[in-house]
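S.K.: Build the 3D model from these lines:
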Amino acid sequence: MADDVGFDEPEMSWSTQDFEQKIGFTGGRYTDTNTFFTFLVGLIMATTFFLLLEFIIGDASSPRMGDAESFMVQFSSKFIDRGLGGYVMAAGIMLLFFWSCTILFVKGRKAKYQRKALALNLVPQDPNFFLNTATAREALLRIRGSVDDTSHFLLLNRIEVALSNLQNIGQISDVSSIVNSQASMDEDQVSSSYNLLNGFLWAIPVLGFIGTVLGLGQAIGEFGNTIQLADDMSQLKESLKDVTGGLATAFDTTLLGLVGSIAVQMIVTFRKRQEFLILDECNEYCQTYVLSKLRLEKGGGGRDRGGR
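M.R.: Below is the predicted model:
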């Protein structure tokens, strides 16, 4: 039977098919991501974004600009023309935004790969097939022949943990407890993979508020200088236009941070739902094709280990 379930090459190879592994980086377990890889991609995207904005601002001197070009210049100025402090905060916001988007994109690819394991023929679908110590060995051979490393697959790792301990377990309820315990650990693993994103969701709007505070401080300082240097009312009114313009620019940083955090939060919510659906499918698979098919035989002591 072992010859029948063996494979020359695994149907799924995490070391060569995982999204991060294919690019040359060490892949995170399950749907977790490589922090350095996602940071590098986010940094490249943020840098490219600001270089494009600088190019648009630099081209603003063109005498012929349509409405679209004028809008792009105004949009670019919200990131560029805001003083050193505001510029740094805007750059930080966009770095965290693109870093978050990269993490969520990679997690989506890895979640899709995890779902493929559900289609593998791991346990015979024959209604007359039952799992006992003998058939469990055959199932383990099938599982280990289907992939290169079961520890990187949510479903396969859970089944392997249950079947590997089958010989040492006295009751079916004990097997169920092991599967449920592993399911709980898998859920914790998936949840912890969002810890960095949760930090970003807090930091993005905070950076926007800091940028606004810096802008307000600068505008108030300019207002004091304006009052001291203005010789007449007309000059004061003209100078106040620059101050109020600075206040508007300062609040743009908060707007940028809030919009960025809302966008990331929406994608996080969608991605979490996708991953927890996979966990639910793994639970259903284990219940249908593993736990419901267990028929433990009598042990050496002669007592029924079947746990009817």
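S.K.: Output the below-cut-off pLDDT ranges for the chain.
M.R.: Using pLDDT under 70 as the threshold, the predicted model of the chain has low-confidence ranges 1-8, 56-83, 167, 170-171, 219, 221-249, 296-308.
S.K.: helices or strands up against the longest helix seen in it?
M.R.: The single longest helix within the chain, with elements called by DSSP state H, is helix 233-289. Applying 3 or more C-beta pairs under 8 Å, 6 or more residues apart in numbering; DSSP states H and E, one finds that helix 233-289 contacts helix 67-80, helix 83-116, helix 154-164, helix 172-192, helix 195-229. Quick note: C-beta positions are derived from backbone N, CA and C, even for glycine.
S.K.: Could you say which of those helices is packed most deeply?
M.R.: Counting by mean count of other C-beta atoms under 10 Å, helix 154-164 has the highest mean neighbour count of those, with a mean of 22.
S.K.: roughly how far apart are residue 86 and residue 251?
M.R.: To residue 251, residue 86 is 11 Å away according to C-beta to C-beta, to the nearest Å.
S.K.: Find residues that contact each of those two.
M.R.: Residues touching both residue 86 and residue 251 (C-beta atoms under 8 Å, 6 or more residues apart in numbering): residue 215.
S.K.: ok so, going back, kindly present the helices and strands packed on helix 233-289 as a markdown table, with separate columns for distance to residue 27.
M.R.: Putting those into a markdown table (distance: least, C-beta to C-beta, whole Å) gives the following:
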| stretch | distance to residue 27 |
| --- | --- |
| helix 67-80 | 33 |
| helix 83-116 | 8 |
| helix 154-164 | 14 |
| helix 172-192 | 14 |
| helix 195-229 | 16 |
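S.K.: Of all these, which one is nearest residue 125?
M.R.: When the helices and strands packed on helix 233-289 are ranked by distance to residue 125, counting by C-beta to C-beta, first place goes to helix 154-164 at 14.7 Å.
S.K.: packing partners for the closest one?
M.R.: Checking 3+ C-beta pairs under 8 Å, 6+ apart, helix 154-164 ends up next to helix 133-146, helix 172-192, helix 233-289.
S.K.: Just name the most buried of those.
M.R.: Between these, the one whose residues have the most neighbours on average, counting mean count of other C-beta under 10 Å, is helix 133-146 (a mean of 18).
S.K.: now for that one, which elements pack on it?
M.R.: With 3+ C-beta pairs under 8 Å, 6+ apart as the test, helix 133-146 has helix 2-5, helix 154-164 packed against it.
S.K.: and of the ones you listed, who's closest to residue 39?
M.R.: Of all the helices and strands packed on helix 133-146, the one in closest proximity to residue 39, counting by C-beta to C-beta, is helix 154-164 (25.1 Å).
S.K.: Keeping just the C-alphas, turn the closest one into CSV.
M.R.: Coordinates of the C-alpha atoms in helix 154-164 are reproduced here as CSV (Å, rounded to 0.1, in the frame of the first residue of the first chain):
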residue,chain,number,x,y,z
LEU,A,154,-2.8,24.6,8.0
LEU,A,155,-4.9,21.5,7.1
LEU,A,156,-2.1,19.0,6.6
ASN,A,157,-0.2,19.9,9.8
ARG,A,158,-3.5,19.5,11.8
ILE,A,159,-4.2,16.1,10.3
GLU,A,160,-0.7,14.9,10.8
VAL,A,161,-0.7,15.8,14.5
ALA,A,162,-3.9,13.9,15.0
LEU,A,163,-2.9,10.7,13.1
SER,A,164,0.7,10.7,14.4
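S.K.: quick one, that helix and helix 133-146 angle?
M.R.: For helix 154-164 and helix 133-146, the angle between their directions (axes from the mean of the first three to the mean of the last three C-alpha atoms, to 10 degrees) works out to 150 degrees.
S.K.: Check what contacts helix 154-164 and list those residues.
M.R.: Residues outside helix 154-164 that contact it (C-beta under 8 Å, 6+ apart): 30, 114, 117-118, 120, 122-123, 131, 136, 139-140, 143-144, 146-147, 150-151, 175, 178-179, 182-183, 186, 278-279, 282, 285-286, 290.
S.K.: Next, the angle from that helix to helix 233-289.
M.R.: Relative orientation of helix 154-164 versus helix 233-289 (the same axes, to 10 degrees): 40 degrees.
S.K.: Helix 154-164: how far from the chain's middle?
M.R.: In terms of C-alpha atoms, centre = their mean, to the nearest Å, the centre of helix 154-164 is found 24 Å from the chain centre.
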